[in-house]
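Colleague: Build me a structure from this.
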Amino acid sequence: MAARLPLRALGSRGLRLVLLRSGGCARAAHRGTGTHGDTGTHGGTDKGSLTKQAEARVTTDWKKKLTPEQFYVTREKGTEPPFSGIYLNNTESGIYYCVCCNAPLFSSEKKYNSGTGWPSFSEAYGTCGRDESKTNIMRRPDKSLGLTRTEVVCKQCDAHLGHVFDDGPTPSGQRFCINSVSLSFKPGSGQ
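Modeller: Numbering: from 1, shown residues only. Next comes the predicted model:
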């Protein structure tokens, strides 16, 4: 795993926004300062403008690296149209990686046809039983459509991948419903 190097720490009442570079990808991480009140600014610059400048720089970097559709799905939490994804009907053995940072996410061995219109997996790559601590995915609550779902993001670069539902096959009972454009595929062994 690549070392995480802070690019810039930005002050904000009790929180610091730290941009981290990990495997060639930048991501934002919120860290508490452990104190109450202001954490200070860099060179007297307005904290709000520093945050906006840093976010704009990261956004520009992603727009250069990704296609417009990849950017929309992974960085703006969009969804590709159902039955349109390049990997929906892929039956080759191999590993599916994050299109943004190349972290391994899913194995072809756990891919199945759910009939929903998106590539579906019963578990993330690196899962041991119900333990996902060694995977490169993270789950987050998503209430964006007025209903509660569980979003799946890349643990390394915070890319939106899709959602996970509890209507999958046994033994996991899970269906990771993942956008093809958030993935890249490398043929080879499934595990």
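
Colleague: Which element, helix or strand, includes Tyr72?
Modeller: Element membership for Tyr72, per DSSP states H and E: helix 68-76.

Colleague: Adjacent strands (with direction) for whatever helix or strand comes next after that helix?
Modeller: Toward the C-terminal end, the helix or strand that comes next after helix 68-76 (DSSP H and E) is strand 94-98. Strand 94-98 sits in its sheet next to strand 104-107 (antiparallel), strand 183-187 (antiparallel), going by DSSP bridges.

Colleague: okay if I get those as a markdown table plus distance to Ser114?
Modeller: The way it works is simple: take the backbone N, C-alpha and C, and place the C-beta from them, glycine included. Formatted as a markdown table, the strands paired with strand 94-98 follow (distance: least, Cβ to Cβ, whole Å):
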| stretch | distance to Ser114 |
| --- | --- |
| strand 104-107 | 13 |
| strand 183-187 | 16 |
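
Colleague: Pick the most deeply packed of the ones you listed.
Modeller: Ranked by mean neighbour count, the strands paired with strand 94-98 are led by strand 104-107 with a mean of 24 (mean count of other Cβ atoms under 10 Å).

Colleague: Please state the mean pLDDT value computed over that one.
Modeller: Strand 104-107 shows a mean pLDDT of 98.

Colleague: got a list of what His160 touches?
Modeller: By Cβ atoms under 8 Å, 6 or more residues apart in numbering, the contact set of His160 is Val73, Thr74, Arg75, Glu76, Lys77, Gly78, Glu151, Val152, Val153, Asn179, Ser182.

Colleague: Would you mind measuring from the spatially closest residue to it that is not a sequence neighbour to Asp131?
Modeller: Spatially, and ignoring its direct neighbours in sequence, His160 is nearest to Lys77 (4.4 Å; Cβ to Cβ, 6 or more residues apart in numbering). Distance from Lys77 to Asp131, counting by Cβ to Cβ, to the nearest Å: 26 Å.

Colleague: These two: which has the busier surroundings?
Modeller: Between Lys77 and Asp131, Lys77 has the larger neighbour count (other Cβ atoms under 10 Å), namely 15 against 9.

Colleague: Would you confirm that that one contacts Arg140?
Modeller: No - between Lys77 and Arg140 there is no contact under Cβ atoms under 8 Å: 10.3 Å.

Colleague: Quick check: neighbours shared by the two?
Modeller: Each of Glu151 lies in contact with both Lys77 and Arg140 under the rule Cβ under 8 Å, 6+ apart.

Colleague: Right, I'll leave it there.
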